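**Q** From the sequence below, what's the structure:
(chains A and B, ligands or ions: 1)
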Amino acid sequence: MKDNGNLFLPPGHSTIAPGTDALFDFIYYTSIVFFAIVVFVIVYSVWRFRPWGFKGYLRLFIIPKDALEIKVTGQRWFWSFDYPDGATSVNDLVVPVGKPVKLLMSSKDVIHSFFVPSFRIKMDVLPNRYTMTWFEATDTGAYDLFCTEYCGAKHSSMIGKVRVVGEREYAQWLESSSKAGEGMPVEDYGAKLYAQKACITCHSVDGKASTGPTFLGLFGEQVKLEGGGTATVDENYLRESILSPQARIALGYQPVMPTFQGVLKDKQIDALIAYIKSLKESGSK
Amino acid sequence: MDGIPAYNYLNTPKGWKSWLLTRDHKRIGLMYLFAIMFFFLIGGIFALLIRIQLLTPNQALVKPETYNQLFTLHGAVMIFLFIIPSIPASLGNFVLPQLLGAKDVAFPRLNLASWYIYVVGALFLIYSMFSGAADTGWTFYTPYSTQTTTSVIATTLGVFILGFSSIFTGLNFIVTIHKLRAPGMTWFSMPLFCWGLYATAIIQVLATPVLGITLVLLILERLFSIGIFDPAMGGDPVLYQHFFWFYSHPAVYIMILPGMGIISETISVFSHKKIFGYKAIAFSSLGIAFVSFMVWGHHMFTSGQSEIAAMIFSFLTFLVGIPSGIKVFNWLATMYKGSISLAAPMIYTIMFLILFSIGGLTGIVLGALSVNVHMHGTYFVVAHFHYVMMGGTVMAFLAGLHYWWPKIWGRLYSEFWARVGALLIFIGFNMTFFSQFILGAKGMPRRYSTYLDQYQPLHGFSSVGSFVLGAGFVVMAVYLIYSLFRGRPAGNNPWGGLTLEWTTTSPPPPENFIETPKITHGPYDYDKVIADNG
Ligand SMILES: [Cu+2]
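**A** As a prediction, the model looks like this:
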């Protein structure tokens, strides 16, 4: 048998040799390839991530002085945003392009985490103190917003969009949001708010029970309460349920409904009540 | 019995009572093995249910509440009932005294007590499954865990009890290694698996009490609202995270160090070559154990800790790479120029090297601060720790299981089917979890029962991979169980190992060695032994 050996093995001169050498070579070369990958990735990582990692992380804490400040509130299971001039939105953060935006964040219940993959930012949102982060969007568009700290049943519905718009559109949006509901039937405005303000995560309008009771046919009904007793659903009961949901709990449900005190304006509560009233059982719509 | 020694620990003494009251470390190890394999099966079923749910973006199987319980149970069962006790309590128990040339562990009764404590803890977890299983995730983060109505108390009490089992095993091993080495066996002629178990035991004894205290505080908080974690009463929920990770990060090394110990054995045996850098491997185990206590903050880079703290934790985290890298280098150097036989234990060893390297290197990615901010809480983390825990620890466990199987039962399994199983596991594993690196980098958060459409292709791929992985384990279960009845007798030393357990019969007699073994060569002296035998 002719076998010239290689860097390591002497020339082989038996029938056994080729098999042995082939096996050696195979393992040897795979090991080399793999080892090369290991070393390459180590070197690459050290070069690519280390100093940049520290610096990039530090940048997260150096918030530009002229940043636009938006208050972010996380609660099970939606995000609400308060803008400097009194506008509010839910699960829909609207910001101008090319301008630093500072987010001042806190939670009303458990820990959440504010994550925008496209911006590479994430910060936990805590119940007992403010946390901050900031970004400056470079392109207009709508980007995913996720909650990344597990927060219960509808954790995976605690998502929204960050809408990056031009300076002009941003100003327009602020203005229209303060005039929202004008010139449309009040029930329609309520229907819009039902989706916009995240009632939709917990209440259906088709009769199915979800985290909370359905709105279909709710108005005028007698509801059984946790701890005994009943209540008639009238305007005042609805208003109380929205502003202090923990006051009376519907039987068979968890007391997880967040308060909308401060999130909804009076006009909006009126609209929601009108909408709920309009949702009558079968046919009589 | 054809070729199986008539006098062995499996049949002497007889009767179920002699098992339940046994003080023989081999029987206790075996009882642990059955228990952990049972829970591996349960945890695996939860995992498959999770993957079925995620086949489609919108709730393919169960409602969100149930999904949240599934991933909590999957994590809690796999971590506390399977992986932490897996190698030390089952294989470690079985072979440690034999590796040292001893008759038993230092405290045989305590050893049996550990097993019963484990069973009691496990019963609490099982009870919790039927009384509204916890939905907090295996980390039990406050304030969610103090508010949810699910059975957090039963679960955490179970984990608390399991902690004692772990501490007792660690204590037992430390004393055993100090006191019961055969005459002539020095610290540096111990097989490296003993070093791995020793480093593990130190962490078990030092870190587990912190978890115990933390969980007791959590239970008190739930029962009596003592206000240590609840912000409404001036408590701090992030404090809980500090406490929790102060245990749970070292616990990661409770899981991996014994696995590294097994690899140090198998790689030398199947390369027929002396282990390269014995002392470096031994000390790197202790080094890892030491550093492991100082890196917990890397779980909290986005929890609002100070930048300075984050930088220090990040730096210390990179340090863990050094002892781990030393080990990988030594293992490769052992293989290099060896004469490598690709028996099942070696196949799993190589799988370990590949998967663990990927797990370790992606750990560097996660340790880098600004990258962590993006990856934290996403599937990238899920993929990373499955590569380390499953690709690392579980592969090492399987290497050890296949390596010592003939010693445990006296019979050999089918090498052919072992390869089929290993191939399925390797392919399935990488399909399942490599896709999750990509998912995470693209922003997919973990612990989501539903997800946006754009993630479906990768989730689907991952789910299919998990079925392949599951099939691999079914194949393994079949050929291993089959071998118990039809396997060829193994003889004392089927692999040509040089450590002491291979000098006794398979299965060994109750007292391990008929005569106290004499140390004539080191555990890895292949050159010497081959020279002596011509
Ligand atoms: Cu959340």
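**Q** Now tell me what touches the helix or strand encompassing residue B:70 from outside.
**A** Under the criterion of DSSP states H and E, residue B:70 resides in helix B:64-76. Residues outside helix B:64-76 that contact it (CB atoms under 8 Å, 6 or more residues apart in numbering or on different chains): A:150, A:152-157, B:43, B:46-47, B:49-50, B:53, B:59, B:61-62, B:125, B:129, B:133-139, B:150, B:155, B:159, B:447, B:449-450. Just so you know, the C-beta spots here come from the backbone N, C-alpha and C atoms, and that holds for glycine as well.
**Q** do you know how far the closest residue to residue B:430 other than its chain neighbours is from the ion?
**A** Among residues not flanking residue B:430 along the chain, residue B:465 sits closest, at 7.2 Å (CB to CB, 6 or more residues apart in numbering or on different chains). Distance, residue B:465 to the ion, using CB to the ion, to the nearest Å: 28 Å.
**Q** Give me the neighbour count for residue B:465.
**A** Using other CB atoms under 10 Å in any protein chain shown, residue B:465 is surrounded by 21 other residues.
**Q** wait, doesn't it sit right on residue B:431?
**A** Yes: look at residue B:465 against residue B:431 with CB atoms under 8 Å: they come within range, at 2.6 Å.
**Q** Run a quick neighbour tally on residue B:477.
**A** Using other CB under 10 Å, residue B:477 has 13 neighbouring residues.
**Q** Assign it to one of the three secondary structure states.
**A** Going by DSSP: H, G, I helix; E, B strand; the rest coil, the secondary structure assigned to residue B:477 is helix.
**Q** Can you tell me how far it is from residue B:484?
**A** When distance is defined by CB to CB, to the nearest Å, residue B:477 is 11 Å away from residue B:484.
**Q** per-residue confidence at residue A:93?
**A** As predicted, residue A:93 sits at a pLDDT of 93.
**Q** quick one: it is in a strand?
**A** Yes: checked against three-state DSSP, residue A:93 lies within a strand.
**Q** Surely residue B:434 and residue B:382 touch.
**A** No: proximity of residue B:434 to residue B:382 does not meet the contact threshold set by CB under 8 Å, at 11.8 Å.
**Q** average model confidence for the helix or strand harbouring residue B:432?
**A** Assigned by DSSP H and E, residue B:432 belongs to helix B:415-441. In this model, helix B:415-441 has a mean pLDDT of 94.
**Q** Please point out which parts of that helix sit buried.
**A** For helix B:415-441, the neighbour count (16 or more other CB atoms under 10 Å in any protein chain shown) marks B:417-418, B:420-422, B:424-426, B:428-441 as buried.
**Q** Contact partners for residue 277?
**A** Let's take chain A. A:187, A:219.
**Q** wait, I meant chain B there
**A** By CB under 8 Å, 6+ apart, the contact set of residue B:277 is B:326, B:329-330, B:333.
**Q** and if you look at residue A:101?
**A** Contacts of residue A:101 by CB under 8 Å, 6+ apart are A:67-70, A:95, A:134-137.
**Q** how about those in JSON lines, adding neighbour count and distance to residue B:366?
**A** Putting these into JSON lines (neighbours: other CB atoms under 10 Å in any protein chain shown; distance: CB to CB, whole Å) gives the following:
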{"residue": "A:67", "neighbour count": "16", "distance to residue B:366": "28"}
{"residue": "A:68", "neighbour count": "17", "distance to residue B:366": "31"}
{"residue": "A:69", "neighbour count": "15", "distance to residue B:366": "31"}
{"residue": "A:70", "neighbour count": "20", "distance to residue B:366": "29"}
{"residue": "A:95", "neighbour count": "23", "distance to residue B:366": "29"}
{"residue": "A:134", "neighbour count": "22", "distance to residue B:366": "23"}
{"residue": "A:135", "neighbour count": "20", "distance to residue B:366": "21"}
{"residue": "A:136", "neighbour count": "16", "distance to residue B:366": "25"}
{"residue": "A:137", "neighbour count": "21", "distance to residue B:366": "26"}
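**Q** For the ion, state which of these is nearest.
**A** Nearest to the ion, judged by CB to the ion, of these is residue A:70 at 18.3 Å.
**Q** Please identify the helix or strand for the closest one.
**A** Residue A:70 belongs to strand A:68-75 when assigned by DSSP H and E.
**Q** Run me through the strand neighbours of that strand, direction for each.
**A** strand A:78-82 (antiparallel), strand A:100-107 (parallel) (DSSP bridges).
**Q** Tell me which of those sits nearest to residue A:270.
**A** strand A:78-82 (19.2 Å; CB to CB).
**Q** What segments of chain A are helices?
**A** For chain A, applying DSSP state H gives helices covering A:16-59, A:167-178, A:186-196, A:235-243, A:266-278.
**Q** And for the closest residue to the ion within chain A, the neighbour number?
**A** Across chain A, the shortest distance to the ion (CB to the ion) belongs to residue A:151, at 3.0 Å. By other CB under 10 Å, 24 other residues sit near residue A:151.
**Q** which bits of the stretch 1-150 of chain A sit near the ion?
**A** Applying CB under 5 Å from the ion, one finds that the stretch 1-150 of chain A approaches the ion through A:112, A:147.
**Q** tell me which parts of the stretch 151-285 of chain A are close to the ion?
**A** Counting by CB under 5 Å from the ion, the stretch 151-285 of chain A comes close to the ion at A:151, A:158.
**Q** Would you map out the domains in chain A?
**A** The record's domain parsing of chain A by automatic domain parsing lists A:1-48, A:65-178, A:186-278.
**Q** among those domains, which is nearest residue B:506?
**A** Smallest distance to residue B:506 across the domains of chain A (CB to CB): 28.0 Å, for domain A:1-48.
**Q** related to what we said a few turns ago, could you check how far the helix holding residue B:432 is from the centre of its chain?
**A** Relative to the chain's own centre, helix B:415-441 is displaced by 18 Å; criterion: CA atoms, centre = their mean, to the nearest Å.
**Q** name the helices or strands packed onto it?
**A** helix B:344-367, helix B:369-375, helix B:379-388, helix B:456-486 (3 or more CB pairs under 8 Å, 6 or more residues apart in numbering or on different chains; DSSP states H and E).
**Q** Just the buried positions in the first one, please.
**A** It stands for helix B:344-367. B:344-367.
**Q** filter those residues by proximity to chain A?
**A** With the criterion set as CB under 8 Å from any CB of the partner chain, the members of the buried residues of helix B:344-367 near chain A are B:353-354, B:357, B:361, B:364-365.
**Q** roughly how far apart are residue A:161 and chain B?
**A** 11 Å (CB to the nearest CB, to the nearest Å).
**Q** excluding its backbone neighbours, what's nearest that residue?
**A** In space, residue A:161 is closest to residue A:142, 4.7 Å off (CB to CB, 6+ apart).
**Q** go on, residue B:274?
**A** In space, and not counting its chain neighbours, residue B:274 is closest to residue B:524: 4.5 Å by CB to CB, 6+ apart.
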